[in-house]
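Q: Provided below for reference: sequence and predicted model.
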Amino acid sequence: MMILRLALVAIISSSVAAQSASATSLITYIFGDSLTEVGNNNYLQYSLARSDFPWYGIDFSGGQATGRFTNGRTIGDIISTKLGIPSPPPYLSLSRSDDAFLNGINYASGGAGILNETGLYFIQRLTFDDQINCFKKTKDVIRAKIGDRAANKHVNDAMYFIGLGSNDYVNNFLQPFMADGQQYTHDEFVELLTSTLDNQLTTIYKLGARKVIFHGLGPLGCIPSQRVKSKTGMCLKRVNEWVMEFNTGTKKLLEDLNKRLPGAKFAFADTYPAVLDLIDNPTRYGFKVANTSCCNVDTSVGGLCLPNSKMCKNRKDFVFWDAFHPSDSANQILADQLFSSLLSSSSHSPAPAPKNNH
Ligand SMILES: *[C@@H]1O[C@H](CO)[C@@H](O)[C@H](O)[C@H]1NC(C)=O
Ligand SMILES: *[C@@H]1O[C@H](CO)[C@@H](O)[C@H](O)[C@H]1NC(C)=O
């Protein structure tokens, strides 16, 4: 774990240093789900995983829904600002002739998982395999624009942020009507997820990715859509234990890949402790409520904020915006912590230390 943390620090510091030295912009590619989507699903006509309606985006610049699944910015938006670059645009918004193809792209899609069958009932979404195919096409476009050698360097030098797996639980394993939860024990399911991820990360490496940061899962048992399944509104302990098993397995996978693939710098960003601390001690961070969402939609079926949903008065008081996704204010805290933990090379404490606000 220490080695992975140092790798993380090395990736970020070397990328930031290279950026200021060469005056060329840092290029980032983002793969993910609704936690990082910036609008791909708006282009999928039949997708049911969408957020292109009020009150999404109410606190985003312009106040309009963009396809982000929160009231404001995603963690990725905030990290991009910290890196001094614009948040990369959604892949599906670009056409091949766009020069924007050379400036980093976001492939994230709400409802997507590591597994193809995850989120099946959203009809359309870009699964991780689909997102990898989009990256492959991206590389073809870049090659056509700047030639083979430059294209290879371009993708080798870029930074890759990957955050997937939440939907493999919330919209697959934990859903009684999906086959995987019936078919597999949890041990078998984690094995399926990590072996699938092994192939996917190897494919991304073969396409040229070297500096990859994988975001581990947060305590999914504590999101409002899971809490409502407990009679007392408590976190679902078993779900949190499962998520931690996934995180442990993925950390190990990344260590293996670093040994197996020459030049690979894959790192695990462990956001679990920071998110749990925020949920356990909301007042320490300036929040009032962490056990229910601002948009009053905590049901075991729904969970997205709809135009006719009742919203809280003060959105800054709530850690959760809807039953699945953190609020803009929570994303700010989490991005601050993630970023400072990435940059503090001398730190010997476990990743993101809680801020003391009183
Ligand atoms: C998932 O779907 C993609 C195409 O979208 C396909 O290439 C891949 O083989 C599928 N993976 C599995 C494990 O079925
Ligand atoms: C959230 O916590 C507060 C204070 O502990 C409690 O009064 C409230 O009932 C809880 N809400 C839910 C939905 O569990």
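A: Yes, it's here. Ligands and ions are numbered 1, 2, ... in the order given.

Q: how about the nearest residue to residue 168, chain neighbours excluded?
A: residue 113 (4.1 Å; CB to CB, 6 or more residues apart in numbering). Where C-beta positions appear, they are placed from N, C-alpha and C, glycine not excepted.

Q: contacting residues for the residue of the stretch 151-300 of the chain found nearest ligand 1?
A: In the stretch 151-300 of the chain, the residue that lies nearest ligand 1 is residue 196 (6.6 Å; CB to the nearest ligand atom). By CB atoms under 8 Å, 6 or more residues apart in numbering, the residues touching residue 196 are 114-115.

Q: name the element it belongs to?
A: helix 186-206 (DSSP states H and E).

Q: And for residue 183, the neighbour number?
A: Residue 183 has 11 neighbours, counted by other CB atoms under 10 Å.

Q: err, residue 148, not the other one
A: By other CB under 10 Å, neighbour count at residue 148 equals 10.

Q: Next up, the contacts around the closest residue to residue 48 other than its chain neighbours.
A: Excluding the flanking residues, the one nearest residue 48 by CB to CB, 6+ apart is residue 122, at 4.6 Å. Taking CB under 8 Å, 6+ apart, we find residue 122 in contact with 47-49, 110-111, 171.

Q: Can you say which of the residues you listed are buried?
A: 47, 49, 110-111, 171 (16 or more other CB atoms under 10 Å).

Q: what's the most distant pair in the residues you listed?
A: Within those, 47 and 171 form the most distant pair, 13.0 Å apart (CB to CB).

Q: what about residue 160, helix or strand, and which?
A: Judged by DSSP H and E, residue 160 forms part of strand 159-163.

Q: strand partners of that strand, parallel vs antiparallel please.
A: In the sheet, strand 159-163 lines up against strand 28-32 (parallel), strand 211-215 (parallel) (DSSP bridges).

Q: Any idea how far whichever helix or strand comes after it is from the middle of the chain?
A: Using DSSP H and E, the helix or strand that follows strand 159-163 towards the C-terminus is helix 166-168. Chain-centre distance of helix 166-168: 11 Å, with CA atoms, centre = their mean, to the nearest Å.

Q: Then stretch 271-284?
A: That offset, for stretch 271-284, works out to 17 Å (CA atoms, centre = their mean).

Q: if I've got this straight, residue 290 is in a strand?
A: Yes. Counting by DSSP: H, G, I helix; E, B strand; the rest coil, residue 290 is found in a strand.

Q: where along this protein do the strands fall?
A: 28-32, 105-106, 159-163, 211-215, 265-269, 289-293, 318-320 (DSSP state E).

Q: With mean neighbour count and mean pLDDT added, can I get the ones you listed in TSV?
A: Shown next, in TSV, are those (neighbours: other CB atoms under 10 Å; pLDDT from 0 to 100):
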stretch	mean neighbour count	mean pLDDT
strand 28-32	25	98
strand 105-106	27	98
strand 159-163	24	97
strand 211-215	24	96
strand 265-269	23	95
strand 289-293	20	95
strand 318-320	27	98
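
Q: will you turn those strands into TSV that also has distance to ligand 1?
A: TSV is the format used below for the strands of the chain (distance: least, CB to the nearest ligand atom, whole Å):
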stretch	distance to ligand 1
strand 28-32	14
strand 105-106	18
strand 159-163	17
strand 211-215	19
strand 265-269	21
strand 289-293	32
strand 318-320	31
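
Q: could you dump those strands to TSV with distance to residue 139?
A: What follows is those, written out as TSV (distance: least, CB to CB, whole Å):
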stretch	distance to residue 139
strand 28-32	10
strand 105-106	11
strand 159-163	13
strand 211-215	15
strand 265-269	19
strand 289-293	39
strand 318-320	37
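
Q: How about the protein: which residue is closest to ligand 1?
A: Closest contact between the chain and ligand 1, by CB to the nearest ligand atom, is at residue 116 (3.7 Å).

Q: So for stretch 275-285, mean pLDDT?
A: Stretch 275-285 shows a mean pLDDT of 98 in the predicted model.

Q: Does ligand 2 have contacts with it?
A: No. Stretch 275-285 is not in contact with ligand 2 by CB under 6 Å from any ligand atom; minimum separation 9.7 Å.

Q: quick one: buried residues of that stretch?
A: Under 16+ other CB under 10 Å, the buried positions of stretch 275-285 are 275-279, 282, 285.

Q: Check the nearest residue to residue 339 once chain neighbours are set aside and give its pLDDT.
A: Counting by CB to CB, 6+ apart, residue 82 is the residue found nearest to residue 339 once chain neighbours are left out, at 5.1 Å. On pLDDT, residue 82 comes in at 93.

Q: Quick one: name the residues of the protein near ligand 2.
A: Going by CB under 6 Å from any ligand atom, the residues of the chain near ligand 2 are 233, 291-292.
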